[in-house]
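J.: 3D model of this:
(2 chains)
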Amino acid sequence: MSETMQKETGSITVKRGLAQMLKGGVIMDVVTPEHAVIAEKAGAVAVMALERVPADIRVSGGVARMSDPGLIREIMASVSIPVMAKCRIGHFVEAQILQAIGVDYIDESEVLTPADLSHHVNKHAFKVPFVCGCRNLGEALRRIGEGAAMIRTKGEAGTGDVVEAVRHARAVLGDIRRLKSMPDEELMAYAKELAAPYELLKETRDLGRLPVVNFAAGGIATPADAALMMQLGVDGVFVGSGIFKSGDPARRAKAIVEATTHYDNPEILAKVSENLGEAMVGINVSSLAEHEQLAGRGW
Amino acid sequence: MNIGVLALQGAFAEHLHILEKLGIDTRKVRLPEELNGLDGLIIPGGESTTIGKLSMWYDLGDAIRKFACEKAVWGTCAGMIVMAKDIGMDQPLLGIMDIVAKRNAFGRQVDSFQTDLYVPVLKDGKTKPFPAIFIRAPKLSAAGADTEIIAKLDDGTAVAAQQGKMLVTSFHPELTQDTRFHEYFVNLTK
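T.: As a prediction, this is how the structure comes out:
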């Protein structure tokens, strides 16, 4: 017992491990330390520190960038739960800055304006873990191949319309269900079809699930929406604009937390859905022009 | 033999998977009545604030306190925090074990780490180290007279303890392939 123990930081196990600790939970977008405290009190497992929630990014337009590090630090100081922050797709310097601040997870996010139209950040180069969005299994496995330690289906952020979240979760989980019955000799052709790394595709088939935690995001606005995503088979949910763009954020946040835990208990879901006040107004995704849809960002 | 895993939030599926591999009957516990008939309970890693609040909102606090008077309970990471008597912060706790825990004692996620840990009470524990994974982990800053520290880091930091049939670990045996901690807990439930 005399040999000195080596401590290894930033390993794949440690990066993926934090996401495993977030499972069954709700990660909430916050723009101020006050919001962060409300989220923590409501039972959020983590907060996403932002300058503007996606619904406001849609309204104000312009280039959406990483938030002010000062704001992110203030939010980190205000709560004891993990704090995530977003960098632009491919903007590895924003990611370096976020790692230097000490955020707990980086979201390389389509909600911000992409900085690179061909490449994502090489996430293996970082100690801090990354979460990335996807619309299908191929995109999920490409991100994991680049080092993402957690995946979220994209949905359509800032709309309050759950339809795209459902579509993307069904696409990923449906592809995995098909993959599970696929014999070895068909895997390479399927990897080519999905543009997915072969080894990760094989690992996913053998595990019967993605090798990392998979949350849903983009359009979740009610406790029922959260429970729907959980019943479809995701590991947890991100709620962005849905909480702080609603009439009673504290109450709605707590109800969504309860619904995510008791997602398969309709009596509890009915109870927590009562008297929540106004939900966010929302935008029908079908009314958005293609260039207004954020989910198409990511390569 | 039937062991429950508190399934309010966190890495409960990982615990269930290892218990099932050991041939143990398992149950997810989300409501007080789901404790009935269990021989032991595991409180998994996750967010301690979330697990503590959901326990309180769904009347699991008193039910688990009563359960712990007779049966075995094991908390990993967040589970250790909610089992502690005191953590020096204001958040809901079960307070069933005579320990003081400190949250995020090693720093934020960039400081999370894995290391080989010798845990003498485990099978071959003096010669075969346990792969210990610490994620935004707590430490034990104090323990009562009848609580035994069963694992320490090189610098003397206490990271696992036992008090009767109650067990706590700062790290996550549920994230490893090594089943020795789960086997040790199964024996405590007998």
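J.: got any ranges where the chain has weak pLDDT?
T.: Since you didn't name a chain, this refers to chain A. Low-confidence segments of chain A (pLDDT under 70): A:1-4.
J.: need the longest helix for it.
T.: For chain A, the longest helix by residue count, based on DSSP state H, is helix A:163-180.
J.: Give me the contacts around that helix.
T.: Helix A:163-180 is contacted from outside by A:134-137, A:140, A:153-156, A:190, A:194, A:201, A:204-205, A:208-210, A:214, A:216-220, A:225, A:228-229, A:232-234, A:285-286, A:295, using Cβ atoms under 8 Å, 6 or more residues apart in numbering or on different chains. Any C-beta I mention is one placed from the backbone N, CA and C, and that applies to glycine too.
J.: Of the residues you listed, which belong to strands?
T.: Taking DSSP state E, the ones among those that sit in strands are A:134, A:153, A:214, A:216.
J.: ok, of the contacts of helix A:163-180, which come out buried?
T.: A:134-137, A:140, A:153-156, A:190, A:194, A:201, A:204-205, A:209-210, A:214, A:216-220, A:225, A:228-229, A:232-234, A:285, A:295 (16 or more other Cβ atoms under 10 Å in any protein chain shown).
J.: is it true that residue A:24 touches residue A:236?
T.: Yes - assessed by Cβ atoms under 8 Å, residue A:24 is found in contact with residue A:236 at 5.7 Å.
J.: between those two, what contacts are shared?
T.: With Cβ under 8 Å, 6+ apart as the test, residue A:24 and residue A:236 both reach residue A:260.
J.: Columns distance to chain B on top of the ones in strands among the contacts of helix A:163-180, output as JSON lines?
T.: Listed next are the ones in strands among the contacts of helix A:163-180 as JSON lines, based on distance: Cβ to the nearest Cβ, whole Å:
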{"residue": "A:134", "distance to chain B": "21"}
{"residue": "A:153", "distance to chain B": "19"}
{"residue": "A:214", "distance to chain B": "13"}
{"residue": "A:216", "distance to chain B": "16"}
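J.: Throw those into JSON lines and include distance to residue B:188, thanks.
T.: As requested, these are exported to JSON lines (distance: Cβ to Cβ, whole Å):
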{"residue": "A:134", "distance to residue B:188": "42"}
{"residue": "A:153", "distance to residue B:188": "40"}
{"residue": "A:214", "distance to residue B:188": "34"}
{"residue": "A:216", "distance to residue B:188": "38"}
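J.: Go through these and say which is closest to residue A:35.
T.: Comparing the ones in strands among the contacts of helix A:163-180 against residue A:35 with Cβ to Cβ places residue A:216 closest, at 21.1 Å.
J.: OK, contacts around that closest one?
T.: Residue A:216 neighbours (Cβ under 8 Å, 6+ apart): A:152-153, A:155, A:165, A:168-169, A:229, A:232, A:234, A:236-238.
J.: out of these, who's nearest residue B:90?
T.: Closest to residue B:90, out of all of those and judged by Cβ to Cβ, is residue A:236, at 25.3 Å.
J.: Please report how far the closest one lies from chain B.
T.: Plainly put, residue A:236 is 8 Å away from chain B if you go by Cβ to the nearest Cβ, to the nearest Å.
J.: Quick check: that residue vs residue A:153, distance?
T.: Counting by Cβ to Cβ, to the nearest Å, the gap from residue A:236 to residue A:153 is 11 Å.
J.: Between the two, which contacts overlap?
T.: A:215-216.
J.: Provide a list of residues in contact with the residue positioned nearest the centre of chain A.
T.: With distances taken as Cα atoms, centre = their mean, residue A:152 lies nearest the centre of chain A, 4.0 Å away. If you count contacts by Cβ under 8 Å, 6+ apart, residue A:152 has them with A:107, A:131-134, A:214-217, A:238.
J.: before we move on, what about residue B:161?
T.: For residue B:161, the contacting residues are B:97, B:99, B:140, B:143, B:147-150, B:167-168, by Cβ under 8 Å, 6+ apart.
J.: Buried ones from the residues you listed, can you make that a ChimeraX selection?
T.: This is how ChimeraX selects the buried members of the contacts of residue B:161, with burial counted by 16+ other Cβ under 10 Å:
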select /B:97,99,140,143,147,150,167,168
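J.: Just the closest of the contacts of residue B:161 to chain A, please.
T.: residue B:150 (13.5 Å; Cβ to the nearest Cβ).
J.: and the contacts of residue B:161, which of them are in helices?
T.: Among the contacts of residue B:161, no member lies in helices (by DSSP H).
J.: Now, the contacts of residue B:161 that are in strands?
T.: Per DSSP E, strands hold the following members of the contacts of residue B:161: B:97, B:99, B:140, B:143, B:148-150, B:167-168.
J.: Any chance of JSON lines for the residues you listed, columns pLDDT?
T.: Output for the ones in strands among the contacts of residue B:161, formatted as JSON lines (pLDDT from 0 to 100):
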{"residue": "B:97", "pLDDT": "97"}
{"residue": "B:99", "pLDDT": "97"}
{"residue": "B:140", "pLDDT": "97"}
{"residue": "B:143", "pLDDT": "96"}
{"residue": "B:148", "pLDDT": "97"}
{"residue": "B:149", "pLDDT": "98"}
{"residue": "B:150", "pLDDT": "98"}
{"residue": "B:167", "pLDDT": "98"}
{"residue": "B:168", "pLDDT": "98"}
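J.: Show me what the helix or strand harbouring residue A:185 is packed against.
T.: Using DSSP states H and E, residue A:185 sits within helix A:184-194. Judged by 3 or more Cβ pairs under 8 Å, 6 or more residues apart in numbering or on different chains; DSSP states H and E, helix A:184-194 is in contact with helix A:137-145, helix A:198-207.
J.: Flag every buried residue along that helix.
T.: Quick answer for helix A:184-194 (16+ other Cβ under 10 Å): A:187, A:190-191, A:194.
J.: now stretch A:283-299
T.: Under 16+ other Cβ under 10 Å, the buried positions of stretch A:283-299 are A:283, A:285, A:288, A:293-295, A:297-298.
J.: Over to stretch B:172-190?
T.: Buried residues in stretch B:172-190 (16+ other Cβ under 10 Å): B:172-176, B:178, B:180-182, B:184-186, B:188-189.
J.: Those residues: which two are farthest apart?
T.: B:175 and B:189, at 21.5 Å, using Cβ to Cβ across the buried residues of stretch B:172-190.
J.: Tell me which residue is most central in chain B.
T.: residue B:75 (1.5 Å).
J.: Now it, what are its backbone angles?
T.: The phi and psi values for residue B:75, taken as degrees, to the nearest 10, are phi -120, psi 130.
J.: Tell me how far it lies from chain A.
T.: 13 Å.
J.: What distance do you get for that residue to residue A:201?
T.: With Cβ to Cβ as the criterion, residue B:75 and residue A:201 are 37 Å apart.
J.: what ranges do the helices span in chain A?
T.: A:12-22, A:33-41, A:54-60, A:69-78, A:92-101, A:137-145, A:163-180, A:184-194, A:198-207, A:223-232, A:241-244, A:249-261, A:266-272.
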